[in-house]
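In: Task: produce atomic coordinates for the following.
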Amino acid sequence: MNESEIEAILSGHEARNERLRVLLIEKGVNLDEARQIECHFWAWSQEDANALSDALRGRGFQILVKSPAASPDDPLLWNIEAAISQSVKMTVQQEFTEELARLAHSQGAEYDGWGTSV
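Out: Here you go, the predicted model:
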């Protein structure tokens, strides 16, 4: 993946982050309050899933799920879900998104976004 592809991925995340931010405001969520943020990733081998999980743990994340995705279209696909306690305000910042996207890429994986309970 080259730099322009990474920039395109980041642009897509930025648009989704803004939609999530607005939705959470509409639901009355305090964006400054720390809450459990669940981040979603895809990897194309168990080795890459393990490496990404280790890297995420080193950044303070708790690994919630690390398992084969059971996709008939891609039998090698792995799902990784990791949680961290932080504010939505911090989560939607470009720096956070870029860090996760680049970290995932460095481990042969892809950052797919985040969610939180309301």
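In: got the buried residues for the worst-scoring helix or strand of the chain on mean pLDDT?
Out: None of the helices or strands of the chain scores lower by mean pLDDT, DSSP states H and E than helix 3-26, at a mean of 93. Judged by neighbour count using 16 or more other CB atoms under 10 Å, the buried positions of helix 3-26 are 9-10, 13, 17, 20-21, 24. Every C-beta, even on glycine, is put in place using the N, C-alpha and C of the backbone.
In: Let me have the residues you listed in CSV, adding distance to residue 30 as columns.
Out: Below are these laid out as CSV (distance: CB to CB, whole Å):
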residue, distance to residue 30
9, 29
10, 26
13, 22
17, 17
20, 15
21, 12
24, 9
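In: I'd like to know which of those residues is nearest to residue 57.
Out: residue 13 (22.0 Å; CB to CB).
In: wouldn't that closest one be in contact with residue 111 here?
Out: Yes - proximity of residue 13 to residue 111 meets the contact threshold set by CB atoms under 8 Å, at 7.4 Å.
In: Please enumerate the shared neighbours of those two.
Out: Contact with both residue 13 and residue 111 is made by residues 97, 101, according to CB atoms under 8 Å, 6 or more residues apart in numbering.
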